[in-house]
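Enquirer: below is the sequence, then the predicted model.
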Amino acid sequence: MSAPVLLVIAHGSRDPRHAATVHALTALVRSLRPGLRVETGFLDFNAPSVPRVLERLAAERAKEVVALPLLLTRAFHAKSDIPSVLREARSRLPRLRISQAGVLGPSPLLNAALEQRLYEAGLSPGDRSSTGLVLASAGSTDPEASAVIAEIARELRHTGWCAVRPAFASAVVAGGFSRTADAVRALRADGVRQVAVAPYVIAPGRLPDRIAAGAEEAGADLLAGVLGPSPALARLLLMRYDEARVPVAGALSA
């Protein structure tokens, strides 16, 4: 019995770096599990769209698809947009079994990818105790999503950082959290000698650029890159795929 197709669902962006990063990540996933068919679909801006990919798979007589949201938290897209698109596809393509995997975060693998980007930007493990970390996400009006980011920041405080503050790039977020520049300044005001900004986002685009601008504006000492096609993130995609398959065929090993 062939394994279900893994359909990675990305938001999409007018910024060409976004789609390029998503495709690089899915290529890494394919390399980690040869033989698994991995497709990419976008909700907006980029092609192919999610409905178009599902139509093509149905035409090719694929039997089962695991749709995996390329999202770090359960916000509007995970709760509303993607389920709506998949429900509509199920009604049009009744012979194609479509299940939805969970969102990526929170996960220790995401924290590992975050730290990898910080070290690539010039931080060393010995710097942690004297470095304040700004955990900068895109932001959401969904209280659940914002609470997850705040909880990740609290957990990171116990892993050796001098201090950790969550920050958001979006203009409006639930919970009234700080923007990136304000979080950097708050750490400086608390006497932190070195401040690093870690974007908790997967691919480049408008909001990650806003995070970078806030870091520069406030004079952060170090800015990490987006999570992008990191090995830890690719392993996490396969983990969520396997978890979604458990009720049907049992978990696979990544």
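Expert: Noted; the coordinates are in hand.
Enquirer: what about the residue in the chain sticking out farthest from the centre, which helix or strand?
Expert: What lies farthest from the middle of the chain is Gly191; by Cα atoms, centre = their mean that is 31.2 Å. Assessed by DSSP states H and E, Gly191 sits outside every helix and strand.
Enquirer: quick check: it vs Ser130, distance?
Expert: For Gly191, the distance to Ser130 (Cβ to Cβ, to the nearest Å) stands at 11 Å. Placement of C-beta: from N, CA and C, glycine included.
Enquirer: in the stretch 151-254 of the chain, which spans are strands?
Expert: Here the stretch 151-254 of the chain has its strands, by DSSP state E, counting those that start in this stretch, at 163-168, 194-199, 222-223.
Enquirer: longest helix in this protein, please.
Expert: Longest among the helix segments of the chain by residue count, using DSSP state H, is helix 231-249.
Enquirer: for Ala89, which non-adjacent residue is closest in space?
Expert: Computed as Cβ to Cβ, 6 or more residues apart in numbering, the closest residue to Ala89 that is not its neighbour in sequence is Leu54, at 4.6 Å.
Enquirer: CA atoms only: put stretch 212-224 into CSV for me.
Expert: Extracted C-alpha coordinates of stretch 212-224, given in CSV (Å, rounded to 0.1, in the frame of the first residue of the first chain):
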residue,chain,number,x,y,z
ALA,A,212,14.5,43.0,10.7
ALA,A,213,13.7,46.7,10.4
GLY,A,214,12.7,46.8,14.1
ALA,A,215,15.9,45.0,15.1
GLU,A,216,18.0,47.5,13.2
GLU,A,217,16.0,50.5,14.4
ALA,A,218,16.6,49.6,18.1
GLY,A,219,20.2,48.6,17.6
ALA,A,220,20.0,44.9,18.2
ASP,A,221,23.5,43.3,18.3
LEU,A,222,22.5,40.3,16.2
LEU,A,223,19.6,39.3,13.9
ALA,A,224,19.1,35.6,13.0
